[in-house]
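*Asks:* Attaching a predicted model along with its sequence, questions to come.
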Amino acid sequence: MAPLATLINARVKVAESFKLIIILAYMHTGSTYIGNLLSQHPGTFYQYEALRNLQMATMAAGRVRYLNGTVVWLKQCEHIDYQLAAEALGHMTSCRHERLDVLTLAANLQPLRKIFNKDVEAYFRCVDPIQRMGRRAQALFKRRKSPIEFIRTERIERCIPLLTNKCKQAKFRIWKFIRLTMNSAELFLKDYDDTSNVRIVHLVRDPRAMMDSQLRKNDLNVTVLSVFVSRTRYMCWRMMRDLKLLEDLKKRYPNVFYSLRYEDLVADPLKISRDLFRFIGMEFGNTDERYVRETSIDHRYNSTDRAVVWRRHIRQTHLDAVNDLCHEVYNNLGYVRLDDIDDVRDLNVKVHS
């Protein structure tokens, strides 16, 4: 790698034309896989969950600060304020990262060695060489506190070209979110001058599989039944809210949205991947096909096996809760309600149309 000063001061060849690709998904829907699939294609810039810190600050009822000194106080909520998220998305997609809040710019909460951090690794190592801020932010967020008072902006201002330059050079600029709502996507599109280069992939999955996956990993303490019920209620409420708005948005922006069910992806990874690439305007080449085969088809634990794990694991109590709270999502997306756990276990019984 070239010396840091050389990278920061390098002249940038801005891409003459580019596509913005936004993956709007939910926890445990396969969004990390889709992001990795698209970002391994040549000429891409990829950011993974760049709204995470903003959501953590919102849940802590904290405040956000910007490089120009502006401070915004946040109302405690499960989701980010729609307008605030839309504005952040606008700054990211235009490669104006210097306009983002300093908490987003100061800490990456995932290990930088992860493949999905390949395009932001140099920047975050420049800002926080030993990842102290990332660890501190994690610890404070768990206690519903904000690390904003520990952030110093000098390094951010010095290192920010490592982020903006890489973004500007890319023909395909990709963001993956499980914290972006359809309401914020709508506000973003309203303010965007030319939506002909925007593609939004709306990724969904069977709520039973999503919630069981959270159970197996005990995300957000969902092994406690009351927490599981609360999380399920919020998730299916948000999904239905997004789906209802999506119907209208598809009419207003007919070539922007691509709806994808996780179950369809795992049933025929190559066909769906080709179709997705065609929609985006990416050429599906040999390296892309090889990636799909190696990660979904020829892998020792292929995607079809992963898709049915929930059916072997979910318990009747949790099944009943999801059935009660998510039946509207089932009807909208073509999932079949099963009330008897024996039918769930029987893999010959269909769970989706």
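*Replies:* Perfect, I can see it now. Only a predicted model underlies this, so the values are computations on that prediction, with no experimental measurement involved.
*Asks:* Pull the residues that contact whichever strand or helix holds Asn332.
*Replies:* Element membership for Asn332 (DSSP states H and E) is helix 316-333. Helix 316-333 has contacts (CB atoms under 8 Å, 6 or more residues apart in numbering) with 204, 206-208, 211-212, 215, 225, 228-229, 232-233, 235-236, 239-240, 243, 261, 335-339, 341, 344, 352. In this view, the C-beta of every residue, glycine as well, is placed from N, C-alpha and C.
*Asks:* Just the CA atoms of the next helix or strand after it, as CSV, please.
*Replies:* Next along the chain after helix 316-333, taking DSSP H and E as the criterion, comes helix 341-345. The C-alpha trace of helix 341-345 is given here as CSV (Å, rounded to 0.1, in the frame of the first residue of the first chain):
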residue,chain,number,x,y,z
ILE,A,341,-44.9,-27.6,14.8
ASP,A,342,-45.0,-31.1,13.1
ASP,A,343,-46.0,-29.5,9.8
VAL,A,344,-43.0,-27.0,10.3
ARG,A,345,-40.6,-29.9,10.8
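*Asks:* Helix 341-345: which residues count as buried?
*Replies:* Using 16 or more other CB atoms under 10 Å as the test for burial, helix 341-345 gives 341, 343-344.
*Asks:* What count of nearby residues applies to Gly285?
*Replies:* 12 (other CB atoms under 10 Å).
*Asks:* same check, this time on the one 5 residues further on
*Replies:* Using other CB under 10 Å, Arg290 is surrounded by 12 other residues.
*Asks:* secondary structure element for it?
*Replies:* Using DSSP H and E, Arg290 falls within helix 286-292.
*Asks:* Give me the distance from that helix to the chain's centre.
*Replies:* Mean-position distance between helix 286-292 and its chain equals 22 Å (CA atoms, centre = their mean, to the nearest Å).
*Asks:* Show me what it is packed against.
*Replies:* helix 31-39, helix 269-280 (3 or more CB pairs under 8 Å, 6 or more residues apart in numbering; DSSP states H and E).
*Asks:* Could you dump those into a markdown table and include distance to Phe141?
*Replies:* Shown next, in a markdown table, are the helices and strands packed on helix 286-292 (distance: least, CB to CB, whole Å):
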| stretch | distance to Phe141 |
| --- | --- |
| helix 31-39 | 20 |
| helix 269-280 | 33 |
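*Asks:* For those helices, state which one has the densest average packing.
*Replies:* helix 31-39 (a mean of 21; mean count of other CB atoms under 10 Å).
*Asks:* quick one: average pLDDT of that one?
*Replies:* On average, the pLDDT along helix 31-39 is 97.
*Asks:* same deal with stretch 130-149?
*Replies:* 82.
*Asks:* list the buried ones in it?
*Replies:* 131, 133-134, 136-137, 140-141, 145-148.
*Asks:* How far does that stretch stretch from one end to the other?
*Replies:* End-to-end distance for stretch 130-149: 19 Å, by CA to CA, to the nearest Å.
*Asks:* Pull out the buried positions in stretch 170-188.
*Replies:* Using 16+ other CB under 10 Å as the test for burial, stretch 170-188 gives 170-188.
*Asks:* same check, this time on stretch 231-241
*Replies:* 231-232, 235-236, 238-240.
*Asks:* hang on, the earlier thing: just the residues contacting the helix holding Arg290, thanks.
*Replies:* Helix 286-292 has contacts (CB under 8 Å, 6+ apart) with 37, 40-41, 269-270, 273, 277, 282.
*Asks:* got the buried residues for the helix holding Asn332?
*Replies:* By 16+ other CB under 10 Å, the buried positions in helix 316-333 come out as 318-319, 321-323, 325-326, 329-330, 332-333.
*Asks:* Kindly reformat those residues as JSON lines containing pLDDT and distance to Arg252.
*Replies:* JSON lines is the format used below for these (pLDDT from 0 to 100; distance: CB to CB, whole Å):
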{"residue": "His318", "pLDDT": "98", "distance to Arg252": "38"}
{"residue": "Leu319", "pLDDT": "98", "distance to Arg252": "37"}
{"residue": "Ala321", "pLDDT": "98", "distance to Arg252": "35"}
{"residue": "Val322", "pLDDT": "98", "distance to Arg252": "32"}
{"residue": "Asn323", "pLDDT": "98", "distance to Arg252": "33"}
{"residue": "Leu325", "pLDDT": "98", "distance to Arg252": "30"}
{"residue": "Cys326", "pLDDT": "98", "distance to Arg252": "27"}
{"residue": "Val329", "pLDDT": "98", "distance to Arg252": "23"}
{"residue": "Tyr330", "pLDDT": "98", "distance to Arg252": "27"}
{"residue": "Asn332", "pLDDT": "98", "distance to Arg252": "19"}
{"residue": "Leu333", "pLDDT": "98", "distance to Arg252": "21"}
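*Asks:* farthest pair in the residues you listed?
*Replies:* His318 and Asn332 (21.1 Å; CB to CB).
*Asks:* and of the helices and strands packed on helix 286-292, who's closest to Thr195?
*Replies:* helix 269-280 (14.0 Å).
*Asks:* what sits up against that closest one?
*Replies:* Helix 269-280 is contacted from outside by 19, 21, 34, 37-38, 41, 172, 199, 201, 258, 260, 264-265, 283-284, 288-289, 292-293, 296-297, 303, using CB under 8 Å, 6+ apart.
*Asks:* at 10 Å instead, please
*Replies:* Outside helix 269-280, the residues that touch it by CB atoms under 10 Å, 6 or more residues apart in numbering are 19-21, 33-34, 37-38, 41, 172, 174, 199, 201, 255, 257-258, 260-262, 264-266, 268, 282-285, 288-289, 291-293, 295-297, 302-304.
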